[in-house]
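S.K.: coords please:
(2 chains)
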Amino acid sequence: MLRLEPRPAPSRLMVYLSPLLAMALMLVVGMVVFTILGQPPLKAFHAFFIEPINDWYGFGELLIKSSPLALIALGLAVGFRANIWNIGAEGQLIMGAIAAGGVALWLYETTSAWILLPLMFIAGALGGMFWASIPAFLRTRFNTSEILVSLMLVYVANLVLSWLIHGPWRDPDGYGFPQSKLFESSAILPIMLEGTRVHAGIFITVLALLAAGIFFRWSLIAFQMRVAGLAPKAALYAGFKQKKMVWLGLLAGGAAAGLAGTAEVAGPIGQLLIPISPGYGFAAIIVAFVGRLHPVGIVLASLLMALLYLGGESAQMQLALPAAVSGVFQGMLLFFLLATDVLIQFKLRWVPKASAGAV
Amino acid sequence: MSLNAVPPRLELRGITKRYPSVVANQAIDLVVQPGEIHALLGENGAGKSTLMKIVYGVVKPDTGSIFWNGQAVQIRSPAQARALGIGMVFQHFSLFDTLTVAQNIALALDQKQDMQALSARITEVSNRYGLPLEPDRLVHLLSVGERQRVEIVRCLLQEPQLLIMDEPTSVLTPQAVRKLFETLRRLAAEGCSILYISHKLDEIRELCHTATVLRGGKVTGTANPQLESSKSLAELMIGKELPAYQRASTRAVGEPRLVINELSRATTDPFGTSLEQVQLSVHAGEIVGIAGVSGNGQQELLYALSGEQPGQRAEVLIKGQEAGQLDAAGRRSLGLRFVPEERLGRGAVPEMSLELNALLTGYSSSLAQKGWIQYAKIREFSKACIERFNVKAAGSQAAAKSLSGGNVQKYIVGRELMLNPEVLVIAQPTWGVDVGAASFIRQTLLDLSQSGVAVLVISEELDELFEICDRIAVMAGGQLSAAKPVVETSIEEIGLLMGGTHANHASQQRAA
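M.R.: Model prediction:
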């Protein structure tokens, strides 16, 4: 029988190997799922993982989807490293989009993109931060669980958006559809790659990547937050400011999600409607963990997760599989990662039945 | 001698056990005669625990053979060891707080028990050996000494021929140690052999017939401890001479640096101890010790002193300033440095390098500037600390958890000392530290007080407190006795204070 034995020291190799192992397991089980659904597994594999990115346009789509995922995951990682669990990035993304969209509608006549777009991004970041400040305040004031509060606020944010586009912000010329006016071109991000939909929002993600890299490595507060995550008693012993960490952890995630929401409405969507995001805020949680809360890992994980989104769409079109297939794959990836992470602290050993019984 | 006619109770021949990074036991030979109290002596990491685990069937040796009453045996599991007649009392008790004495013992026995008959046997055996126990009491109501009795009685019920005791006195008051020794002598007189693991040389000289000394996984000598001096045993153990402590004959005691003012605090832990009206002041240039059996409020006092659990303003004064409401960082900026009892997870982050662990409390000095980490400075700092305090580590990048307990302790003590303390609070300074390093740490504390620092030491080791302190107070049942100058008190008096209040408490609880 197989037995788990504690390793004398955690395996560094496994830290990096575990996400790859989880991916492999996801693929294997995915094949089984395809077969059960009556699809030839190789054809399904091709439709899911190869088809979406075998042309330039598809590659662009991959970037468009991975950009918000990476951006949000970078912001969430700030808090996750300190065990501050903001799982309401989806709501913060919606609030950011509402704030940015509000600016675009309010300054509808402004023709200079150089003025309007920066204003929208500032508003978007503030909108996301405002929504994240609610769990931060409740946690620091009443010791409320930020997990529950941030999650529940996702649904509130969705309802606020729904009310706005059904009511005050509904496009009067929109034949009653629940959506805002299309933004003017001055509120739309320029296309960066010819022949694709890749827009300038990707620069925000690149900037966030650099900022996160510097922050995690050199800032004292990031070190203190890491200590709080690894050894909470040591953080208390050292006298680190717990409240400051909660605020920073939640606001960083909120700002990143708000910026991502802004890039969505100012990018491919170009107006306010429902849905703004296909669950980027939730998928980013998986991205952050698959990426080991490390900036480079997060970028790689965001590409993988984006591919799962595209693959789901492609499987829907080519194989007539339900859209939920994407979610199944995302869930499997996180599930297998949690399982394979056991191998960082433990190793598998084959023990013959007889001697195992004697112990 | 007639002992040679019967085969030895236990004989180990050429026992070797290798771990990936270390050889724990190398070609160990050991002979224990029936009715003999045999000491196994050695520093931390000398291989004592591994050897005992081999005898108790927890660990399998790589090579070597074990003879039990002259027969070659292979001990594959603790259950088999118990069946042979080997009992073991562990250093850390494995008792369930919420169960009764009898239930705990029933759980540890290999066969199913009739509870009433078991209770009767517990009472009978415990009285026969002078270890009074009430089978129906809940374990969390017992003192530490009583808990140890539960473990010993558990072993005695199985009528062992060999009893292994791992550092049994580290948690006992001097009076409880006397009682334990009486019990052990009676057991030995009845023919039970005892393997006694300890690093307390005086006890071994008083109690044991033979001592086997281990160093670095090898046997370095066998001696009759009654014919040796503590000094000569220590030298066998560490392989070199112990330096004598240097302390100045006269010491200038300055102004009070740390004042604890009528500190009372209810504990939130169901098994914790509430503090009642604790009063103490520590002056510049002196070392004050707090003695006491652990679990009498020391933890709670340390949390209140360090600022990890702040309270009322006037409860704690540091250099005359009210500091009771400040957190740990606030008190550190007033000059307080603190070495906690738990090294990994509190005094240091296990997963992080020694360099980053320097930053843990050093961040407010020059190791970080304007919120940015100065990597060159923390490297320099931690290399200096490793060198000055003789920390054995694979370099300043080594993770804290890769070090042995004693070396982590040296690093933490070193870090706090290099951060220029004006008041130092240190808990169990040499707990788990080998003899050589312990004497180094004690000397460092003496030097520190010499230079005008106020030092407060909380320790369970009375010998240590008497060696270095100027005044000693005793913590018992959440109350602190008045601090007495060391020259005006004795180990016996302190021991009585350690046990006295607690016994009162227990009898009150029983009466209630």
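S.K.: shouldn't residue B:281 be in contact with residue B:259?
M.R.: Yes. Counting by CB atoms under 8 Å, residue B:281 touches residue B:259, with 4.5 Å between them. The way it works is simple: take the backbone N, C-alpha and C, and place the C-beta from them, glycine included.
S.K.: Quick one: residues contacting residue A:162.
M.R.: Listed by CB atoms under 8 Å, 6 or more residues apart in numbering or on different chains, the contact set of residue A:162 reads A:178, A:274.
S.K.: Just the buried positions in the helix or strand containing it, please.
M.R.: Element membership for residue A:162 (DSSP states H and E) is helix A:146-166. Going by neighbour count (16 or more other CB atoms under 10 Å in any protein chain shown), the buried part of helix A:146-166 is A:146, A:149, A:150, A:151, A:153, A:154, A:157, A:158, A:160, A:161, A:164, A:165.
S.K.: Kindly report the same for stretch B:254-274.
M.R.: Using 16+ other CB under 10 Å as the test for burial, stretch B:254-274 gives B:256, B:257, B:258, B:259, B:260, B:261, B:263, B:265, B:272, B:273.
S.K.: swap in stretch A:172-182?
M.R.: By neighbour count on 16+ other CB under 10 Å, the buried set for stretch A:172-182 is A:178, A:179, A:180, A:181, A:182.
S.K.: mind saving the C-alpha coords of that stretch as PDB?
M.R.: Provided in PDB are the C-alpha atoms of stretch A:172-182 (Å, rounded to 0.1, in the frame of the first residue of the first chain):
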ATOM      1  CA  PRO A 172     -32.700  55.900 -23.700                       C
ATOM      2  CA  ASP A 173     -32.200  54.800 -27.300                       C
ATOM      3  CA  GLY A 174     -31.500  51.100 -26.300                       C
ATOM      4  CA  TYR A 175     -34.900  49.700 -27.100                       C
ATOM      5  CA  GLY A 176     -35.300  49.100 -23.300                       C
ATOM      6  CA  PHE A 177     -32.400  46.700 -23.100                       C
ATOM      7  CA  PRO A 178     -30.800  46.800 -19.600                       C
ATOM      8  CA  GLN A 179     -27.500  48.400 -20.600                       C
ATOM      9  CA  SER A 180     -25.900  51.900 -20.700                       C
ATOM     10  CA  LYS A 181     -25.100  54.000 -23.700                       C
ATOM     11  CA  LEU A 182     -22.100  52.900 -25.700                       C
END
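S.K.: Pull the residues that contact that stretch.
M.R.: Where contact means CB under 8 Å, 6+ apart, the residues beyond stretch A:172-182 that reach it are A:101, A:105, A:108, A:162, A:164-166, A:169-171, A:270-274.
S.K.: circling back to that earlier point, which of the buried residues of stretch A:172-182 lies closest to chain B?
M.R.: Nearest to chain B out of those is residue A:180 (CB to the nearest CB; 41.1 Å).
S.K.: still on that earlier bit, just the buried residues of the contacts of stretch A:172-182.
M.R.: By neighbour count, with 16+ other CB under 10 Å, those hold A:101, A:105, A:164, A:165, A:169, A:170, A:171, A:270, A:271, A:272, A:273 as buried.
S.K.: How is residue B:113 assigned, secondary-structure-wise?
M.R.: Three-state assignment for residue B:113 (DSSP: H, G, I helix; E, B strand; the rest coil): coil.
S.K.: Please name the residues that touch it.
M.R.: Residues in contact with residue B:113 (CB under 8 Å, 6+ apart) are residue B:106.
S.K.: Next up, the contacts around the most centrally placed residue in chain A.
M.R.: Nearest to the geometric centre of chain A sits residue A:284, at 1.6 Å (CA atoms, centre = their mean). Going by CB under 8 Å, 6+ apart, residue A:284 touches A:68, A:69, A:72, A:73, A:76, A:89, A:257, A:302.
S.K.: what's downstream of the helix or strand where it lies, the next helix or strand?
M.R.: Assigned by DSSP H and E, residue A:284 belongs to helix A:280-290. Scanning forward in sequence from helix A:280-290 by DSSP H and E, the next helix or strand is helix A:295-319.
S.K.: List the buried residues in that following helix.
M.R.: Across helix A:295-319, burial judged by 16+ other CB under 10 Å covers A:295, A:297-316, A:318-319.
S.K.: Low-confidence bits of the chain, can you list those?
M.R.: No chain specified, so I'll use chain A. Within chain A, the ranges that satisfy pLDDT under 70 run A:8, A:353-359.
S.K.: That was the other one, I meant chain B.
M.R.: Low-confidence segments of chain B, defined by pLDDT under 70: B:1-5, B:20-21, B:44-45, B:92, B:170-171, B:241-243, B:248-252, B:432, B:500-512.
S.K.: Chain A contacts on that one?
M.R.: Proximity of chain B to chain A, by CB under 8 Å from any CB of the partner chain, involves residues B:19-21, B:76-77, B:306-308, B:327-332, B:338, B:340, B:342, B:345-352, B:356, B:359-361, B:363, B:368, B:371-373, B:375, B:402.
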